[in-house]
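Asks: got a predicted structure plus its sequence, pasted below:
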Number of protein chains: 2
Amino acid sequence: MAPKTNGIGVQVEDTRICVVMVGLPARGKSYIAQKGKQLSFVLVTSSPGKLRHGPGEPVAPVRRCRPGARALRDLADKLPAQRYLKWLSIPAKTFNVGNYRRNDAPHPSADFFDTKNAEGERKRRAAAEAAVADMLKWFKEEKGVVGILDATNSTKERRKWVIDLVEKEGVEVIFVESKCDDEELIMANIRDVKTTSPDYKGQDPEKAALDFRERIRNYEKVYKSVNEDGDEDHLTYLKIMNVGRQVIINRIRDYLQSRIVYYLMNLHIRPRSVWLSRHGESMLNIEGRIGGDAGLSYRGEEYARKLPELVLESVGSDRPLTVWTSTLKRTIATARHLPKHYNQLQWKALDELDAGVCDGMTYQEIADQYPEDFQARDDDKYNYRYRGGESYRDVVIRLEPIIMELERSEDILIISHQAVIRCIYAYFMQKTQEESPWVPVPLHTLMKLTPRAYGTEVQTYKANIKAVSTWRGKGSTAKHEDPAPEGGV
Amino acid sequence: MAPKTNGIGVQVEDTRICVVMVGLPARGKSYIAQKGKQLSFVLVTSSPGKLRHGPGEPVAPVRRCRPGARALRDLADKLPAQRYLKWLSIPAKTFNVGNYRRNDAPHPSADFFDTKNAEGERKRRAAAEAAVADMLKWFKEEKGVVGILDATNSTKERRKWVIDLVEKEGVEVIFVESKCDDEELIMANIRDVKTTSPDYKGQDPEKAALDFRERIRNYEKVYKSVNEDGDEDHLTYLKIMNVGRQVIINRIRDYLQSRIVYYLMNLHIRPRSVWLSRHGESMLNIEGRIGGDAGLSYRGEEYARKLPELVLESVGSDRPLTVWTSTLKRTIATARHLPKHYNQLQWKALDELDAGVCDGMTYQEIADQYPEDFQARDDDKYNYRYRGGESYRDVVIRLEPIIMELERSEDILIISHQAVIRCIYAYFMQKTQEESPWVPVPLHTLMKLTPRAYGTEVQTYKANIKAVSTWRGKGSTAKHEDPAPEGGV
């Protein structure tokens, strides 16, 4: 009867959105489209849905209370109900028309993109058709919610064609255009593309750049910005001008659309990197205890003194950097020898996952005192919430402003904690909810993440200062254990 | 040294924002400005900050674990730590220049607003000066974060004057313009203003409307839309055209700005109402048990059959209405006799506050079995989170999409639960966090909320079908208790 909604209250059965990228080459479209996949990460929600409310699931009897005093055991019996909280993410996927076209034409030269080239036109059209067909299949068969069509879609005719195909399947269309006339930025993107695009693999970079500029000129001949002539005013669109300096939003209709638009308008396409480091080894790390607010160990102090050198090696001395730490002593202490001209900012949202009643315990103590909890956490580490504390999912939710602010920032160095770094890493590297809580993030190691159009690059800098391992394998209660060999970042 | 941030990670000590409304009269500015105050409600955050991290507070020693088995008592000792979670809202306040001007000129006629009227100009300038001065004082002395200046600010000169005054105090300026040429909507707003504006109190409505239109014409003579001439491109602004059909966002700089813009762009200024009702009396209500997923009692069924009549009386028969329920049986059953042509939608986010391990208990049982929890909840009902369940604040956070969707919707009837209705009511009526969890929301009662430029109107429709009271006074463990006489909605 009445349509069901998912946790965030969007009518999932009804709402499916196709985000159609628009814009000339080298305007950061693929970068934005790739980011769109990460929507799944920021569209998680804290709204609870117990098993007994799940569609199609049996309605469990209301739990009746047994009067009288209860022992801890009774309480523990009830607590695993938390594991049944239904957390929902929005499934999102990108369909890059270029990838389809490359099957047919792996290394096309610029004249392939000339509208007068009939053969090129046919192949490009076929690629677009294949991408849209796969997207519609994904909506239907895999219950996709946000599909992203990554292509130039630079003419009114092409946009009309997409709308006609997609809307007749009951999918809403949002056009997202990146418009940019900042020559320097376009050149930076051209340099980036000629070195990373599969189209120019193995080719001379100078020739590739020339060819790519020629390709852009072919597109410019027919390019129409969305609603440039005023006859596309009925469309739902987001137009991002010069890297978000100005944004125009037209006819956004519902909550999910507005969340997508909000996320995309926070992105920018200027090249930059994000550096991640945990605090130096702490006194509690040595004891194998979690949480707390301890100071650094002797070796942790050593890392703090070494960090400026690692950072300068990776960032360079002339690049401005902003440093974000948590509000806990061990991250602030780790940041304190960094160059004075770096801005520093403390965020509560970067504090370590709150282990609640288990704060300050060893894993062995947790396993002894809260065996059901210990087991529950291993069974579903992403969703398990410590009593009086947090789950990884809670951390992801409180990181939403950090992610948004990261997306609109230039170079940032984050000095934080194991669980928090895992979540930020998972966002950029598109790790699943199952994987992310188990990612090894060793102490005394600096990571550099560089988001690019076709994925995020990682570089690792080791300080070569010994530290205990705080990684823990499933089921283990060891104080210090080496990460499984197949893991590692 | 490093600046502190608040829970959502905004540099509170540094970030203060002045939202400056722009637009002709009857464009919904005061409505939007008034909504701005409600920002405090949607900008709450789930990020934890323990007492030991609070600025200026003593750093508590890390809790060390006592090995061995623990009794419930020990666990309970630790749980009140939850009460120390530091939840932060953003303090927001509106400064309406008209209110200041009315001190000097309570019922001015249209020619007062003629730019050639020197006396009028002087008084209006003085009112603006007083409003801005009070706002700056509020930022300084009461640590305000978002101040909203509600006035027409319809010339470049006036905007420059505001910027100069405000920015030199280190406050960021966002202009929010409501631009509208939809004659029907403007007329609706004029009708609304002439009946609700203090300027026309006790005057003949027809004469008031004529005078108000004349006033608008006086403003139109000098009105310049923000950046209309292209020389205000350096300003941070949000331009809402024709009730959000199109939105332009220029130079938004940080997370807090983008959250404000996101909220404001979801508002619309079309007249509408929101109806609220709890489900009919349930079997568990009769037993005085909280939570659960019970069906309706005999009297609850009676209410469900009576509801269509109450709704038709209040809404009228020709007005389309959308009905939102929770996913729990008792709200769905309450909605099932409503006219078939109403759209119905089930939201998980409208489910009752999750009482965790106390789900299905009476208050007496909770007091017996979890005495510390019972006390803790009474001490701070808004922030107290049931073990394995939710706090009012958790409910507010999961209601954020509901609030956003409500703001962009037309007429909506919400059939939900006591705690959820309290939160939605608190949002519209601007109740404090202390008040909202204690608001009496009797069963078998329909409420109509109509947001207006100068506050929200409430009408109540009683079904005259008996039901138990589920209101509970502080410290009480009664199953059914009448609300305190001073309370009541």
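Replies: Perfect, thanks for sending it.
Asks: what about A:Asp182, neighbour count?
Replies: 15 (other C-beta atoms under 10 Å in any protein chain shown). All C-beta atoms are positioned from the backbone trio N, CA, C, and that covers glycine.
Asks: swap in A:Leu406?
Replies: Neighbours of A:Leu406 using other C-beta under 10 Å come to 21.
Asks: A strand includes it, no?
Replies: No - according to DSSP: H, G, I helix; E, B strand; the rest coil, A:Leu406 belongs to no strand; its state is helix.
Asks: and it, what's its pLDDT?
Replies: pLDDT for A:Leu406: 89.
Asks: now for it: which residues touch it?
Replies: A:274, A:412, A:424 (C-beta atoms under 8 Å, 6 or more residues apart in numbering or on different chains).
Asks: what sits against the first one?
Replies: Looking back up the chat, that one is A:Val274. By C-beta under 8 Å, 6+ apart, A:Val274 lies in contact with A:406, A:411-414, A:424, A:428, A:448-451.
Asks: cool, and the second one?
Replies: Contacts of A:Ile412 were listed using C-beta under 8 Å, 6+ apart, and they are A:274-275, A:321-324, A:406.
Asks: using pLDDT, spot the least trustworthy of those.
Replies: Lowest confidence among these: A:Leu406, with 89.
Asks: any figure for the gap between it and A:Asp231?
Replies: 38 Å (C-beta to C-beta, to the nearest Å).
Asks: how about the residues of the stretch 351-489 of chain A that lie near chain B?
Replies: A:351, A:354, A:356-357, A:359-362, A:365, A:368-369, A:387-388, A:390, A:394, A:397-398, A:401-402, A:404-405, A:408 (C-beta under 8 Å from any C-beta of the partner chain).
Asks: what stretches of chain A score poorly on pLDDT?
Replies: For chain A, applying pLDDT under 70 flags the ranges A:1-14, A:40-89, A:194, A:484-489.
Asks: secondary structure class of the most centrally placed residue in it, three-state.
Replies: The centroid of chain A falls nearest to A:Tyr427 when counting by C-alpha atoms, centre = their mean (3.0 Å). What three-state DSSP gives for A:Tyr427 is helix.
Asks: and the gap between it and chain B?
Replies: 15 Å (C-beta to the nearest C-beta, to the nearest Å).
Asks: next: A:Lys37.
Replies: For A:Lys37 relative to chain B (C-beta to the nearest C-beta), the value is 21 Å.
Asks: counting neighbours, what do you get for that residue?
Replies: 15.
Asks: and the strands in chain A, which stretches?
Replies: Along chain A, counting by DSSP state E, strands occupy A:17-22, A:92-96, A:146-150, A:172-179, A:237-241, A:246-250, A:274-278, A:322-325, A:343-346, A:412-416, A:445-452, A:455-462.
Asks: show me the contact partners of the last one.
Replies: The one in question is strand A:455-462. By C-beta under 8 Å, 6+ apart, strand A:455-462 touches A:34, A:310, A:313-314, A:428-429, A:444-450, A:489.
Asks: mind running it again at 10 Å?
Replies: The contact list for strand A:455-462, computed with C-beta atoms under 10 Å, 6 or more residues apart in numbering or on different chains, reads A:34, A:38, A:196, A:273-277, A:307, A:309-311, A:313-314, A:425, A:427-430, A:442, A:444-451, A:488-489.
Asks: from these, keep the buried residues only.
Replies: Of all these considered here, the ones buried according to neighbour count by 16 or more other C-beta atoms under 10 Å in any protein chain shown are A:34, A:38, A:196, A:273-277, A:307, A:310-311, A:314, A:425, A:427-429, A:442, A:444-449, A:451, A:489.
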